[in-house]
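Student: Curious how this folds, go ahead:
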Amino acid sequence: MGYALFQVPAGRLGDAIGARITLSLAALVWGCTTLLTGVVPKMFGVGTAALLISLGVLRFLLGASEAATFRVGSRAIRQWSPPREWAIGNAFMMVGSSSAAAATVPLVSWLMLRFGWRAAFSITSGLAFAIAVLWYLAAIDTPEEHKRVSARELELITRYRATTTQAPLTDSSSLRSLLKDRNILILSLSYICEGYVLFVFVFWLYIYLVEVRGFSILSGGLAGGLPWLTALACTPFGGLVCDRITALRGRIAGARAVIMLGYGLSAVLLFAAAKLDSRAGAVATLCLSVGALYFAEPAFWPTAVHLSGENAGAASGIMSTAGILGGIVSTSLTPMIVQRFGWLPALGSGAAVAVACTCVWFVIGRNQQLSTDT
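Tutor: Residues are numbered from 1 along each chain as shown. Predicted coordinates:
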């Protein structure tokens with residue numbers, strides 16, 4: 001709930017005060033809430049109600065601090081890169097996320113076994129404090145403020161950045177205008193599909209591998225981490241392809257090609273994995289399906305930035321909130337479908353939504369207003 005509700009506010013904060021302060025504060029809050037999650041149970045060891053309330057508040061604040069990451073990160077990439085490098089910039093940011101997804105289960109499991117579950121929170125919180133300090137000391141909001149940026153570099157960045165600059169977001173009426181913008185709404189509709197499909201993998205892949213494919217709890221965890229390793233390779237490749245097409249045909253054309261290809265392949269592979277009898281073949285196909293999904297992911301964020309200019313943080317927050325809504329539907333609907341119809345229709349629903357995403361982008365490509373680059 002914290003993550004969903006703070007998407008737009010976090011994006012607007014980044015638009016207002018810059019990426020340096022916003023992301024530093026976000027990492028600091030994340031570190032504090034992570035540390036306190038391990039400490040609070042000692043403080044309220046007897047009072048169950050106090051324990052539940054305090055942990056609920058901490059988890060809400062943790063999600064709220066996380067909300068700034070991709071929204072404000074995309075704005076920082078826009079400030080520092082020409083448009084032809086936006087997708088690959090976002091791709092590398094997502095590589096960090098995929099790396100964490102692949103490493104978290106074995107790392108935290110080892111920490112819990114070696115030091116206890118409270119220590120796992122304390123140790124991992126140190127990463128957040130370290131990155132908060134590092135980002136605050138190293139990051140600068142704009143190239144104009146950085147002493148090591150040469151005049152030639154500054155000219156290159158500002159010239160390309162000026163082609164997409166719009167009026168800054170200063171009040172709630174500007175936010176309402178974004179919510180009424182047809183282009184932003186169509187983009188958000190496609191990201192609802194993204195959230196639905198992605199959350200099928202995030203929340204139900206492990207259970208599917210254990211319940212249907214017969215993996216043990218331990219081996220299922222290892223097999224469940226393999227798709228995210230595939231995502232590590234596919235994400236920067238998708239960003240690179242998107243930027244190459246963008247340089248030739250424009251931002252929307254580049255995003256359209258990558259997203260339609262990625263989601264089309266992901267849909268076919270997801271349904272095929274559900275139909276395969278071979279356990280190894282099913283895992284391999286699921287890895288490719290997740291890889292195709294992440295191949296397309298870097299194209300969404302620069303599109304939001306392209307359409308909104310100086311309102312990049314808020315627009316990215318609107319798009320991301322839509323994705324979370326799709327994820328909420330997916331997380332709630334999948335077990336209902338499994339219980340009533342089985343796993344094949346449940347995974348098939350993810351494939352169908354992925355196809356719907358390609359259809360939305362087919363419409364986007366034919367929308368002259370959206371497909372014309374400034």
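
Student: Would you indicate which residues of the host helix or strand of residue 328 are buried?
Tutor: Residue 328 belongs to helix 312-341 when assigned by DSSP states H and E. Neighbour counts using 16 or more other C-beta atoms under 10 Å place 312-327, 329-331, 334, 337-338 of helix 312-341 among the buried residues. (Glycine included, C-beta is placed from N, CA and C.)

Student: Over to stretch 192-200?
Tutor: 192, 193, 194, 195, 196, 197, 198, 199, 200.

Student: same check, this time on stretch 197-217
Tutor: Across stretch 197-217, burial judged by 16+ other C-beta under 10 Å covers 197-202, 204-206, 208-210, 212-213, 215.

Student: Nearest to residue 292, out of those: which one, please.
Tutor: Closest to residue 292 out of the buried residues of stretch 197-217 is residue 197 (10.2 Å), distances taken as C-beta to C-beta.

Student: Next, the contact list for that closest one, please.
Tutor: Residues near residue 197 by C-beta atoms under 8 Å, 6 or more residues apart in numbering: 263, 266, 270, 293, 330, 350, 353, 354, 357.

Student: Residue 7: which of these is nearest?
Tutor: Nearest member of these to residue 7, counting by C-beta to C-beta, is residue 330, at 17.1 Å.

Student: Find me the pLDDT at the closest one, would you?
Tutor: At residue 330 the predicted local confidence, pLDDT, stands at 93.

Student: what's the answer for residue 68, then?
Tutor: So, for residue 68, pLDDT stands at 90.

Student: quick one: residue 341 and residue 140, what's the gap?
Tutor: 54 Å (C-beta to C-beta, to the nearest Å).

Student: and the longest helix for this protein?
Tutor: helix 217-249 (DSSP state H).

Student: That one: how far from the chain's middle?
Tutor: 13 Å (C-alpha atoms, centre = their mean, to the nearest Å).

Student: Then stretch 203-220?
Tutor: Worked out by C-alpha atoms, centre = their mean, stretch 203-220 lies 24 Å from the chain centre.

Student: For it, measure first residue to last.
Tutor: 13 Å (C-alpha to C-alpha, to the nearest Å).

Student: can you list the residues that contact that stretch?
Tutor: Taking C-beta under 8 Å, 6+ apart as the rule, stretch 203-220 contacts 221, 223-224, 227, 279, 282-283, 286, 330-331, 334-335, 343, 346-347.

Student: what's the answer for stretch 235-243, then?
Tutor: Contacts for stretch 235-243 (C-beta under 8 Å, 6+ apart): 84-92, 94-95, 98, 254-255, 257-258, 262, 294-299, 302.

Student: Poorly predicted segments of the stretch 251-374 of the chain, please.
Tutor: 309, 365-374 (pLDDT under 70).

Student: hey, where'd the helices end up in it?
Tutor: Ranges of helices in the stretch 251-374 of the chain, per DSSP state H, counting those that start in this stretch, are 251-275, 279-296, 300-308, 312-341, 343-366, 368-371.
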